[in-house]
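# Turn this into a model:
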Amino acid sequence: MAQQARAVRTRRTILEAAAAVFDELGYEGASTTEILARSGLTRGALYFHFPSKEAIADAVVDAQSEALVPPANKVKLQATIDLTMAFAERLRSDVVLRAAVRLSVEQASYKTPTATAYRGPADVIFGLLTHAQERGELLATVDPEEVTQLIVGAFTGIQLLSQVYEERRDLPRRVAVLWKYLLPSLAIPGLLPHLVADAERAPVALALLQAANAPAYETVDDPGQDDTEELVVAQGGDDTQEMVRAQAAADALPVLPQGAHPAPGVRRAGGAGSGGTGSAVPVGRRRGVRKDSGELAPSLHNG
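Numbering: from 1, shown residues only. Just a heads-up that it's a prediction; the model follows:
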């Protein structure tokens, strides 16, 4: 067991050193000599795990899957938002993920870019959007496959521009702008005010995702977890109203850090003198759905 654990650590050391080199120099500029210098390991240790520079690059690209774990959120459209926000936040600090993205998009002798590098993100997003459609969260005109391709393509371009202009420091803000204009074309009106897609959501989404999927991380509590309640989402219109029941707990209620500005239809809990923690909750909670408007309101505890 000790030898196995040591081998895992050695492999990770090589990957992190190689990722730093690929991220800075690209595949063409990287060399195993430079990777060895960064890792502090022997050439024998490197070739025990990886027979070539290409094999190391393959492993770095494959590590991208660690950042593509679907968030455990009952509201699948919010889970889709959180996936992109967590990915954006992680790109700012995770050199392995940054290197994987660079290797996937750059034209180099490593490999001619193919659809393979984008299939992982597309599969996860398509799955989330398909579930969102089944739960009635999406407008009837939405095609999950088309939206998936739009999100993957737009995110790829956004992160490249962010890298050029700001070294990805503004990436969450750019992703938030994407969702700002995309969500009204996707979400049913009743759900829209309850979705959180501002830049401040990025570190929260990443922390919650890490806490849920990696026991080694320190547990992170979502400030909204004590506000568990059901939301009744009503789709207005001439047709029969479509109802969606979604849990508005940590994985559904909007959660904003102190100082963040809530989206329309959301107020901050714990205002002046309340002793609250500053989580955001829907306006009009503890009220039912208005029959004459079809608007969203928590249909809840009346006590």
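# Please name the nearest non-neighbouring residue to residue 150.
residue 182 (7.7 Å; Cβ to Cβ, 6 or more residues apart in numbering). To be clear about C-beta, it is placed using only N, CA and C from the backbone, and glycine gets the same treatment.
# Number of residues surrounding the one you found?
16 (other Cβ atoms under 10 Å).
# burial measure for the nearest residue to residue 79 once chain neighbours are set aside, as a count.
Nearest non-adjacent residue to residue 79, counting by Cβ to Cβ, 6+ apart: residue 73, 3.8 Å away. Counted by other Cβ under 10 Å, the residues lying close to residue 73 total 24.
# Residue 73 is in contact with residue 83, isn't it?
No. The criterion here is Cβ atoms under 8 Å, and residue 73 misses it with residue 83 at 9.3 Å.
# which parts of stretch 97-110 are buried?
Residues of stretch 97-110 classed as buried: 97, 98, 99, 100, 101, 102, 103, 104, 108, 110 (neighbour count, 16 or more other Cβ atoms under 10 Å).
# a markdown table for those residues, including secondary structure?
A markdown table is the format used below for the buried residues of stretch 97-110 (DSSP: H, G, I helix; E, B strand; the rest coil):
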| residue | secondary structure |
| --- | --- |
| 97 | helix |
| 98 | helix |
| 99 | helix |
| 100 | helix |
| 101 | helix |
| 102 | helix |
| 103 | helix |
| 104 | helix |
| 108 | coil |
| 110 | coil |
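# element containing residue 180?
Assigning secondary structure by DSSP states H and E places residue 180 in helix 171-182.
# got it, and residue 55?
Per DSSP H and E: helix 53-62 holds residue 55.
# what angle sits between the following helix or strand past that helix and helix 171-182?
Per DSSP H and E, helix 53-62 leads on to helix 76-91 as the next helix or strand towards the C-terminus. Put simply, helix 76-91 runs at 160 degrees to helix 171-182, going by axes from the mean of the first three to the mean of the last three Cα atoms, to 10 degrees.
# where are the low-confidence patches of the chain?
When residues are selected by pLDDT under 70, those of the chain lie in 1, 107-109, 111-118, 213-303.
# domain assignment for it?
Annotated domains of the chain cover 2-51, 65-298 [automatic domain parsing].
# Give me the three-state assignment for residue 51.
Classified using three-state DSSP, residue 51 is coil.
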